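Engineer: Predicted structure and sequence below. I'll ask about it afterward.
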Amino acid sequence: MIKKTVANVREACEGIADDMTFMLGGFGLCGIPENIILELVRRNIQNVTCISNNAGVDDFGLGLLLKKHQIKKMISSYVGENAEFERQMLSGEMEVELIPQGTLAQRCEAARSGIPAFFTPAGYGTEVAEGKETREFHGKMHVMEKAFEADFSFVKAWKGDEAGNLIFKGTARNFNPAMCGAGKITVAEVEELVPAGELDPNQIHIPGIFIQRIFQGEKYEKRIEQLTVRKRN
Amino acid sequence: MALSKEQIAQRIAKEVKDRYYVNLGIGIPTLVANFVQNDISVEFQSENGILGMGPFPFEGEEDPDLINAGKQTITALPGASFFDSAMSFGMIRGQHVDLTILGAMEVSQNGDIANWKIPGKMVKGMGGAMDLVASAENIIVAMMHTNREGESKLLKECSLPLTGVKCVKKIVTNLAVLEIIDGKFHLLERAPGVSVEEIQKATEGDLVVKGDILEMKF
């Protein structure tokens, strides 16, 4: 067994620096690496490029980095629900690249899998395809999209073991698996870290080979963005 | 009388057939789930990674790890499954999802759709809409026929940045059900009490009216 555990979030984030590109898992506030985001805020890393489906809300998730003007560029598919984001984007303080959600996921998975580029029909004939190579397959036009290049992938899982094997819960899985192994170094934070052998190998979602560092996170807030419920009869 | 948003959803629900996997967009499309017949088997897909999406949870049973694409708390029905975003869009691009229902700001008579950006105003992003419209064979657009100023949203050409080209085939608005055939809007049904003339007036694009146009049935 090759051990991937590190003591804490500080050790897990060793080597991060200004001007780097980070991938961060999560959909809205669901399945985001909360501990790592707080560490990025604490270290006050500057000029970072973040590849993340969303940008958090004003006072949680990536919104915390935005507030401190740490983000130079966001690469996302949907960035609503964040007033500070809107302000920085419209004022030109921050660069924003919006790309289709499936393309975002596939560009992560391609980076992980050694595929430098791929063709997708998404965005053909729109401004997303401007300047990109297009090609017809099976009578339909496609756009060439390239794998991402990132210095770190930061992901959050439900359970993990010392070997870096990961299991996700519910829709908190989202972009996390595709980002594992997609950056030069992948750091996973988990709610529960167990010794090797405790997780059933049949149930592993992401094998430890894609993970360089794993630690058990603390004080998960797991904030709900839109609480919707029904009344009991 | 023009339809309410609920009635648009109710009419679209009739297009949802037995054994369909269905992706519902945010807004009116989300309401469609409330009107699907009880005697058919349907599974709803949410692109953030669930098939077999159920209703909102009972108070106190909400789970922050279980949300839909609108970031609302949901439940999972028996037979549900979770998967990651890359697989979710593999399902969509690979045409395994039978029906996609989404909203639009504008639709053109050749089937172009615009629903993600108003230049100069806040840009929220396309989310999964570009992947959905580029891949889905069966797309129904749920929209209002005109904007707040009364201007048509069914146009000869879209004025807003496009989400996809030549992809929309069916549209259900507050006034009518229409199909796009050979670069023209074809009127199929009208909302109860709405005349063909009113629909004609509210449609900027070319509108084909063949024979008697019946009122929608619910």
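Structural biologist: Good, I have the coordinates.
Engineer: going forward, measure contacts and count neighbours with C-alpha atoms only.
Structural biologist: Will do.
Engineer: how close does the residue of chain B positioned farthest from its centre sit to chain A?
Structural biologist: Distance from the C-alpha centroid of chain B peaks at B:Gly60, with 30.9 Å (Cα atoms, centre = their mean). Distance, B:Gly60 to chain A, using Cα to the nearest Cα, to the nearest Å: 8 Å.
Engineer: and what of B:Gln95?
Structural biologist: Separation of B:Gln95 from chain A (Cα to the nearest Cα) stands at 12 Å.
Engineer: And the helices in chain A, which stretches?
Structural biologist: Assigned by DSSP state H, chain A shows helices spanning A:9-12, A:34-43, A:63-67, A:83-90, A:101-113, A:176-179.
Engineer: out of these, nearest to chain B?
Structural biologist: Proximity to chain B (Cα to the nearest Cα) singles out helix A:101-113 among the helices of chain A, at 4.7 Å.
Engineer: Could you export that closest one as CSV, keeping only the C-alpha atoms?
Structural biologist: C-alpha atoms of helix A:101-113 as CSV (Å, rounded to 0.1, in the frame of the first residue of the first chain):
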residue,chain,number,x,y,z
GLN,A,101,-20.9,22.4,-18.4
GLY,A,102,-20.3,19.1,-20.2
THR,A,103,-17.3,20.6,-21.9
LEU,A,104,-15.9,21.7,-18.5
ALA,A,105,-16.3,18.2,-17.1
GLN,A,106,-14.8,16.5,-20.2
ARG,A,107,-11.8,18.9,-20.3
CYS,A,108,-11.0,17.7,-16.7
GLU,A,109,-11.5,14.1,-17.6
ALA,A,110,-9.4,14.5,-20.7
ALA,A,111,-6.6,16.0,-18.7
ARG,A,112,-6.7,13.1,-16.3
SER,A,113,-6.8,10.5,-19.1
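Engineer: what's the weakest-modelled helix or strand in the chain?
Structural biologist: No chain was given, so I picked chain A. helix A:83-90 (a mean of 86; mean pLDDT, DSSP states H and E).
Engineer: nope, chain B
Structural biologist: helix B:28-32 (a mean of 92).
Engineer: quick one, which of the helices of chain A is packed in tightest?
Structural biologist: Mean neighbours per residue, mean count of other Cα atoms under 10 Å in any protein chain shown, is largest over those for helix A:176-179, with a mean of 29.
Engineer: pLDDT on that helix, on average?
Structural biologist: When pLDDT is averaged over helix A:176-179, the result is 98.
Engineer: Say whether chain B is contacted by that helix.
Structural biologist: Yes: using Cα under 8 Å from any Cα of the partner chain, we find that helix A:176-179 touches chain B at A:176-178.
Engineer: ditto for stretch A:82-101
Structural biologist: Yes: applying Cα under 8 Å from any Cα, one finds that stretch A:82-101 is in contact with chain B at A:86, A:90, A:98-101.
Engineer: Including distance to A:Gly123, could these go into a markdown table?
Structural biologist: Formatted as a markdown table, these follow (distance: Cα to Cα, whole Å):
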| residue | distance to A:Gly123 |
| --- | --- |
| A:Glu86 | 23 |
| A:Leu90 | 23 |
| A:Leu98 | 11 |
| A:Ile99 | 8 |
| A:Pro100 | 7 |
| A:Gln101 | 11 |
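Engineer: A:Val57: which of those is nearest?
Structural biologist: Set against A:Val57, the nearest of the residues of stretch A:82-101 next to chain B by Cα to Cα is A:Glu86 (11.0 Å).
Engineer: hmm, who's touching the least confident helix or strand of chain B?
Structural biologist: B:5-6, B:8-10, B:12-13, B:24, B:101-103, B:142-143 (Cα atoms under 8 Å, 6 or more residues apart in numbering or on different chains).
Engineer: Sort those residues by pLDDT and name the bottom one.
Structural biologist: B:Leu24 (92).
Engineer: Using CSV, write down the CA coordinates of stretch B:196-212.
Structural biologist: Presented in CSV, the C-alpha positions along stretch B:196-212 are these (Å, rounded to 0.1, in the frame of the first residue of the first chain):
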residue,chain,number,x,y,z
VAL,B,196,-55.0,32.4,-34.6
GLU,B,197,-54.8,36.1,-35.4
GLU,B,198,-53.5,36.9,-31.9
ILE,B,199,-50.8,34.2,-32.3
GLN,B,200,-50.0,35.5,-35.7
LYS,B,201,-49.6,39.0,-34.3
ALA,B,202,-47.3,37.8,-31.5
THR,B,203,-45.1,35.8,-33.8
GLU,B,204,-42.4,37.8,-35.7
GLY,B,205,-41.1,34.8,-37.6
ASP,B,206,-42.9,33.1,-40.5
LEU,B,207,-46.0,31.3,-39.2
VAL,B,208,-47.6,28.5,-41.2
VAL,B,209,-51.3,27.9,-40.4
LYS,B,210,-52.8,24.8,-42.1
GLY,B,211,-56.4,23.9,-41.6
ASP,B,212,-58.3,24.3,-38.4
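Engineer: Could I get the full set of strands for chain A?
Structural biologist: With strands called from DSSP state E, chain A shows them at A:21-24, A:48-51, A:71-76, A:95-98, A:117-120, A:134-137, A:140-146, A:150-161, A:166-167, A:183-194, A:213-216.
Engineer: Figure out which of those is closest to B:Glu204.
Structural biologist: Short answer: strand A:140-146, nearest of the strands of chain A by Cα to Cα, at 28.3 Å.
Engineer: list the buried ones in that closest one?
Structural biologist: A:141-146 (16 or more other Cα atoms under 10 Å in any protein chain shown).
Engineer: between these, which is closest to A:Thr126?
Structural biologist: A:Val143 (10.3 Å).
Engineer: Excluding sequence neighbours, find me the nearest residue to that closest one.
Structural biologist: A:Thr134 (4.5 Å; Cα to Cα, 6 or more residues apart in numbering or on different chains).
Engineer: Now do the contacts for that neighbour.
Structural biologist: By Cα under 8 Å, 6+ apart, the contact list for A:Thr134 reads A:119, A:124, A:141-144.
Engineer: Of these, which is the nearest to chain B?
Structural biologist: Closest to chain B, out of all of the contacts of A:Thr134 and judged by Cα to the nearest Cα, is A:Tyr124, at 6.8 Å.
Engineer: Determine the number of other residues adjacent to residue 31.
Structural biologist: Just going to use chain A. 28 (other Cα atoms under 10 Å in any protein chain shown).
Engineer: should've been chain B
Structural biologist: Summarising burial for B:Leu31: neighbours were counted as other Cα under 10 Å, giving 20.
Engineer: and if you look at A:Asp200?
Structural biologist: A:Asp200 has 8 nearby residues by other Cα under 10 Å.
Engineer: Would you mind measuring from it to A:Pro207?
Structural biologist: 12 Å (Cα to Cα, to the nearest Å).
Engineer: about what we covered before: angle of the least confident helix or strand of chain A against strand A:71-76?
Structural biologist: Using axes from the mean of the first three to the mean of the last three Cα atoms, to 10 degrees, the inter-axis angle of helix A:83-90 relative to strand A:71-76 is 100 degrees.
Engineer: ok so, going back, now render the buried residues of strand A:140-146 as JSON lines, adding pLDDT.
Structural biologist: Supplementary listing: the buried residues of strand A:140-146 in JSON lines, determined by pLDDT from 0 to 100:
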{"residue": "A:Met141", "pLDDT": "97"}
{"residue": "A:His142", "pLDDT": "98"}
{"residue": "A:Val143", "pLDDT": "98"}
{"residue": "A:Met144", "pLDDT": "98"}
{"residue": "A:Glu145", "pLDDT": "98"}
{"residue": "A:Lys146", "pLDDT": "98"}
